[in-house]
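Asker: What follows is a predicted structure for the sequence shown.
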Amino acid sequence: MSEPQDTNQVSNNDLRNSQFGGGLINAEIVNAQRVGGDIYNIYLGQQTMASSNLVQSQNQQQRSQQERGSLAKTYTLQSEKVAEIRKALILETDPSRKFQFKQQLQEEECTLKELDDKLNAIEQQLQATENFRLEADASIYIERPPIEDKCYKAIMQPGALIRIKAPQRMGKTLLLEKILDYARQHNYQTVKLDLKLANNSALTDLKSFLHWLCLNVSHNLNLEDKVDEYWQDSLGINTSCTRYFQKYLLSNTNTSLVFAIDNFERLFQRANIFSEFCLLLRSWYETAKQGDRMGKIWKKLRLIVVNSTELYPTLDINRSPFNVGLAIDLPEFNQQQIEKMAKLYELDGFFKEDGLSQLINLVGGHPYLVQEALTNLKSQEISLEELLTIAPTEQGIFSSYLRQQLECLQNNSQLHEGYKRVITANEPLQLSPEITFKLHSLGLVKIVRNDCIPSCDLYRQYFLIRLE
């Protein structure tokens with residue numbers, strides 16, 4: 001074994017070229033000095049929001065999203081560093097160096113926990129902003145018949161499963177809130193879990209995730225946490241979670257429970273959680289069909305799964321919750337629905353001649369883009385002519401949203417090249433299924449049979465300049 005290195009190198013948290021149990025660790029990417037320098041100071045205080053200040057809340061949301069992205073990268077670096085130190089600790093045989101690594105591991109795990117707490121706090125802040133937007137939008141909700149009636153009827157059925165999918169910012173969460181409100185009007189209990197709010201530590205493995213899920217459902221139902229009392233690892237992780245729902249959560253209620261999971265796509269990249277959790281949901285759905293005592297209990301549970309249209313990992317058809325129940329694919333608004341929205345904004349007399357048609361030609365029927373346009377027009381801070389002229393520029397009202405989309409493309413070379421081909425083509429273009437679905441999940445393309453076209457002219461104009 002090589003001689004121990006200078007302890008200063010270890011205490012300075014620079015692991016480059018360190019020897020652990022005879023194995024060389026290349027820790028260039030896990031230098032704690034650099035990680036520490038990447039940690040941002042974030043203001044996480046309460047945000048005072050008023051309905052007259054949507055623009056300010058949008059700017060705050062943009063800053064928070066940027067901070068979240070930076071923190072997420074730092075968290076990944078720190079996680080890698082902690083993993084390397086743990087490996088080093090296992091391999092090291094020298095007692096003095098082993099002691100040093102133990103101390104260092106404790107410090108780095110504390111740093112990792114702090115990062116996780118900050119990420120969780122910023123997610124809560126973003127959720128608060130999103131909740132504010134939902135409250136502001138609730139009074140101008142535009143129905144897309146017959147979707148709402150189908151969902152209301154389905155949620156009344158014992159053991160129901162509703163699957164809502166659409167690209168980003170198409171109104172999925174708002175529809176979910178409408179369904180939950182309808183269920184509450186019928187005296188059902190409701191629980192909504194947003195997977196965006198799940199700590200990274202909760203997504204480490206299946207057990208951690210299901211523990212987090214059970215704790216949050218209990219909390220939402222104002223029930224005492226009894227996970228440890230009902231959990232038995234010897235029975236299996238999925239079985240323990242099922243046992244907790246069946247023997248505690250469902251058995252102690254005389255009414256139905258609507259359990260909604262929003263932003264389910266966050267699990268798509270968690271292979272160690274996704275397939276087993278999908279099997280769990282499918283088993284609950286199937287058990288509710290039984291005519292025995294267990295079936296009677298599980299009929300109380302009604303599930304709602306909400307996700308973007310991103311392509312999810314391959315699943316056995318008998319283990320998947322994505323091929324059963326009621327499937328809802330949210331479409332864009334049509335012209336009649338946009339006209340109704342303009343009327344609710346008291347802008348029906350604002351548009352002259354073909355003014356509304358010009359707006360639709362620019363943004364299509366995308367609910368978020370239409371709403372942003374109408375909100376700004378109602379505030380009278382911008383004219384329709386000016387809005388249409390500067391919309392695809394950094395001065396336009398959509399600039400922060402467009403930059404977010406641009407960042408997604410720049411972070412993935414395949415998406416970047418694929419979308420560049422779409423917006424420069426003179427006719428619908430066929431891409432690989434994976435790229436097609438990812439672009440569609442971002443709302444950047446419409447799928448025409450097997451081909452892609454830009455979702456709206458705003459995207460085409462903006463990205464033609466920037467995807468060079």
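Answerer: Nice, I can see it. Residues are numbered from 1 along each chain as shown.
Asker: Strands along this structure, start to end?
Answerer: Counting by DSSP state E, one finds strands in the chain at the ranges 19-20, 23-24, 161-165, 189-194, 257-262, 301-307, 326-329, 445-448, 451-454.
Asker: looking at these, which is closest to Ala391?
Answerer: Among the strands of the chain, strand 451-454 comes nearest to Ala391, with 14.3 Å by C-beta to C-beta. Where C-beta positions appear, they are placed from N, C-alpha and C, glycine not excepted.
Asker: and that closest one, what other elements does it pack with?
Answerer: Applying 3 or more C-beta pairs under 8 Å, 6 or more residues apart in numbering; DSSP states H and E, we find strand 451-454 packed against helix 413-424, helix 433-441, strand 445-448.
Asker: domain assignment for the chain?
Answerer: Listed by automatic domain parsing, the domain ranges of the chain are 7-137, 143-329, 335-397, 400-466.
Asker: quick one: terminal-to-terminal distance for the shortest one?
Answerer: Length of domain 335-397, first residue to last, C-alpha to C-alpha, to the nearest Å: 21 Å.
Asker: sorry, back to before: want to try JSON lines for the helices and strands packed on strand 451-454, with mean pLDDT as columns?
Answerer: Shown next, in JSON lines, are the helices and strands packed on strand 451-454 (pLDDT from 0 to 100):
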{"stretch": "helix 413-424", "mean pLDDT": "97"}
{"stretch": "helix 433-441", "mean pLDDT": "92"}
{"stretch": "strand 445-448", "mean pLDDT": "95"}
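Asker: ranges for the helices of the stretch 201-350 of the chain?
Answerer: Along the stretch 201-350 of the chain, counting by DSSP state H, counting those that start in this stretch, helices occupy 206-220, 227-230, 237-244, 271-287, 293-298, 335-344.
Asker: If you count contacts, what does the second one end up packed against?
Answerer: Contacts defined by 3+ C-beta pairs under 8 Å, 6+ apart place helix 227-230 against helix 206-220, helix 237-244.
Asker: Quick check: which ranges of the protein have low pLDDT?
Answerer: 1-62, 65, 123-124, 126-139 (pLDDT under 70).
Asker: Quick check, Leu429 in contact with Lys420.
Answerer: No: judged on C-beta atoms under 8 Å, Leu429 makes no contact with Lys420 at a distance of 10.5 Å.
Asker: Tell me which of those two has more neighbours.
Answerer: Using other C-beta atoms under 10 Å as the criterion, Leu429 and Lys420 rank with Leu429 on top: 19 against 16.
Asker: how near is Cys110 to Asp117?
Answerer: Per C-beta to C-beta, to the nearest Å, Cys110 is found 11 Å from Asp117.
Asker: Please say which of those two ends up with more neighbours.
Answerer: Neighbour tally, Cys110 and Asp117, criterion other C-beta under 10 Å: the higher count belongs to Asp117, 13 against 10.
Asker: Let me see the contact set for that one.
Answerer: Residues near Asp117 by C-beta atoms under 8 Å, 6 or more residues apart in numbering: none.
Asker: Tell me which of the helices of the stretch 201-350 of the chain lies nearest to Leu362.
Answerer: Closest of the helices of the stretch 201-350 of the chain to Leu362 is helix 335-344, at 11.9 Å (criterion: C-beta to C-beta).
Asker: picking up where we left off before, switch the helices and strands packed on strand 451-454 over to JSON lines; also include distance to Gln232.
Answerer: Below are the helices and strands packed on strand 451-454 laid out as JSON lines (distance: least, C-beta to C-beta, whole Å):
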{"stretch": "helix 413-424", "distance to Gln232": "44"}
{"stretch": "helix 433-441", "distance to Gln232": "38"}
{"stretch": "strand 445-448", "distance to Gln232": "46"}
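Asker: Among the ones you listed, show me which one is buried the most.
Answerer: By mean neighbour count, with neighbours taken as mean count of other C-beta atoms under 10 Å, helix 433-441 ranks first of the helices and strands packed on strand 451-454 at a mean of 19.
Asker: What is the burial count for Tyr462?
Answerer: Neighbour count of Tyr462, defined by other C-beta under 10 Å: 24.
Asker: I'd assumed Glu394 was in contact with it.
Answerer: No: counting by C-beta under 8 Å, Tyr462 does not reach Glu394; the two are 9.5 Å apart.
Asker: Isn't Leu311 up against Lys438?
Answerer: Yes: using C-beta under 8 Å, Leu311 is in contact with Lys438, at 6.8 Å.
Asker: Between these two, which contacts overlap?
Answerer: Residues touching both Leu311 and Lys438 (C-beta under 8 Å, 6+ apart): there are none.
Asker: before we move on, the earlier item: out of the strands of the chain, which comes closest to Val370?
Answerer: Closest among the strands of the chain, using C-beta to C-beta: strand 445-448, at 15.6 Å.
Asker: for that closest one, packing partners?
Answerer: Strand 445-448 sits against helix 433-441, strand 451-454, with contacts defined as 3+ C-beta pairs under 8 Å, 6+ apart.
Asker: Redo these as TSV? Include distance to Lys153.
Answerer: Rendered in TSV, the data for the helices and strands packed on strand 445-448 read as follows (distance: least, C-beta to C-beta, whole Å):
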stretch	distance to Lys153
helix 433-441	28
strand 451-454	34
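Asker: Nearest to Ala72 among the ones you listed would be which one?
Answerer: With C-beta to C-beta, the closest approach to Ala72 among the helices and strands packed on strand 445-448 belongs to helix 433-441: 18.6 Å.
Asker: The closest one to strand 161-165, inter-axis angle?
Answerer: 90 degrees (axes from the mean of the first three to the mean of the last three C-alpha atoms, to 10 degrees).
Asker: This completes my enquiry, with thanks.
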